[in-house]
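Asker: Okay, predicted coordinates and the sequence, questions at the end:
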Amino acid sequence: MARPFHKMHGLGNDFVIFDGREEPLAMTEPLARAVADRRTGIGCDQLIVLEPSSRANVRMRIYNHDGGEVQSCGNASRCVVALTGARTIETGGGVIAGSEDGGRIEVSLIEPRFAWDQVPITYPMDTDAVPMGWGPLEKPMAVNVGNPHLVFFVDDVDAIDLVRLGPSIEHDPAFPERINVNVAQVKDGAIRLRTWERGAGLTLACGTGACATAVAAIKSKRVTSPVKVTMQGGSLEIAWVPGEPVRMIGSATYVFRGEIELERLGA
Ligand SMILES: N[C@@H](CCC[C@H](N)C(=O)O)C(=O)O
């Protein structure tokens with residue numbers, strides 16, 4: 001049976017979105033991986049399945065390129081606001097609030113958490129300088145904005161070999177659920193960011209990575225809120241006041257719609 005889908009992106013972080021609100025879709029890890037495959041499927045960084053929600057206007061389930069289901073996705077949440085007009089989105093990482101004003105989409109993620117609930121080692125741990133290091137990347141800040149991020153501040157983001165270091169940090173046994181890895185450079189009150197995403201690798205932009213990094217930079221007084229975060233695919237504005245949810249403002253782009261016979265993927 002042909003199943004309609006939408007292809008969208010937020011700053012080049014691209015999504016295949018299935019609307020399962022009226023016609024449920026049973027997603028599995030192998031099927032998500034098959035759809036996301038850029039050679040033998042449709043191709044995307046993340047696969048999104050929309051479902052009805054009793055807590056919000058819509059529920060968004062998120063599957064990484066490798067098929068694994070995860071808790072949150074900032075760029076996809078802006079796309080879902082633009083696509084559905086939803087003002088509240090339930091995710092595994094909490095309820096996200098959204099609004100749209102002339103193509104500018106604002107979403108509020110959760111209040112960031114600094115408690116280090118992922119690492120089964122020494123407590124209490126200073127999450128502003130986790131005592132770990134991988135080559136030139138040392139003592140990251142750990143921030144959870146619905147999903148888990150490490151943030152490394154460096155002098156030159158381009159000098160970091162993220163394709164080599166990203167996988168070893170993501171898969172470090174210290175992180176049983178794996179982790180998103182951000183390298184950030186602060187210049188003239190703004191942030192340049194590159195993210196190695198858990199389950200997707202190097203992407204053109206990561207919304208939750210931008211939020212986690214902005215929160216880390218504001219908390220450590222490297223910048224003030226709101227701050228512009230520029231990634232390879234474009235820029236986001238991130239605002240955060242301690243004790244409140246982190247807010248992200250940016251675009252969402254509709255690319256095309258299509259239909260796929262999922263059973264043909266053999267997953
Ligand atoms: N691209 C996303 C984040 C997607 C999930 C992430 N890779 C994870 O595993 O937590 C964004 O824009 O936030």
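Answerer: In hand now; what should we look at?
Asker: The ligand contacts on the stretch 101-250 of the chain?
Answerer: Proximity of the stretch 101-250 of the chain to the ligand, by CB under 6 Å from any ligand atom, involves residues Asn147, Asn180, Glu197, Arg198, Gly199, Ala200, Thr203, Cys206, Gly207, Thr208. The C-beta positions use only the backbone N, C-alpha and C, and glycine is treated the same way.
Asker: quick one, domains of this structure?
Answerer: Domain assignment for the chain by automatic domain parsing gives 2-109+252-265, 133-244.
Asker: could I get the ones you listed as CSV with distance to Thr127, mean pLDDT and mean neighbour count?
Answerer: As requested, these are exported to CSV (distance: least, CB to CB, whole Å; pLDDT from 0 to 100; neighbours: other CB atoms under 10 Å):
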stretch, distance to Thr127, mean pLDDT, mean neighbour count
domain 2-109+252-265, 17, 97, 19
domain 133-244, 4, 96, 20
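Asker: For the ones you listed, give me a markdown table that also has distance to Asp126.
Answerer: Listed next are these as a markdown table, based on distance: least, CB to CB, whole Å:
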| stretch | distance to Asp126 |
| --- | --- |
| domain 2-109+252-265 | 23 |
| domain 133-244 | 9 |
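Asker: The residues of the stretch 101-250 of the chain next to the ligand: which two are farthest apart?
Answerer: Maximum pairwise distance among these (CB to CB): 15.1 Å, between Gly199 and Gly207.
Asker: for this protein, what's the longest helix?
Answerer: The longest helix of the chain (DSSP state H) is helix 207-219.
Asker: gap between it and the chain center?
Answerer: Centroid separation for helix 207-219 versus its chain: 11 Å, with CA atoms, centre = their mean, to the nearest Å.
Asker: so what secondary structure elements neighbour that helix?
Answerer: The contact analysis (3 or more CB pairs under 8 Å, 6 or more residues apart in numbering; DSSP states H and E) places helix 207-219 against helix 74-84, strand 141-144, strand 148-153, strand 180-187, strand 190-197, strand 227-231, strand 234-239, strand 247-250.
Asker: could you give the angle of that helix to strand 227-231?
Answerer: If you take axes from the mean of the first three to the mean of the last three CA atoms, to 10 degrees, helix 207-219 sits at 140 degrees to strand 227-231.
Asker: between helix 207-219 and strand 148-153, how many degrees?
Answerer: Interaxial angle of helix 207-219 relative to strand 148-153 (the same axes, to 10 degrees): 50 degrees.
Asker: Can you tell me the closest non-neighbouring residue to Ile110?
Answerer: Gly94 (3.9 Å; CB to CB, 6 or more residues apart in numbering).
Asker: same question, Pro242
Answerer: Residue nearest to Pro242 in three dimensions, not counting chain neighbours: Lys219, with 7.1 Å by CB to CB, 6+ apart.
Asker: same check, this time on Pro52
Answerer: Arg21 is the one closest to Pro52 (CB to CB, 6+ apart), at 5.3 Å.
Asker: now Ile62
Answerer: Closest to Ile62 by CB to CB, 6+ apart is Cys73, at 4.7 Å.
Asker: rewinding a little: now the residues of the stretch 101-250 of the chain next to the ligand in CSV, with distance to Val163?
Answerer: Shown next, in CSV, are those (distance: CB to CB, whole Å):
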residue, distance to Val163
Asn147, 21
Asn180, 15
Glu197, 12
Arg198, 15
Gly199, 15
Ala200, 13
Thr203, 12
Cys206, 15
Gly207, 21
Thr208, 20
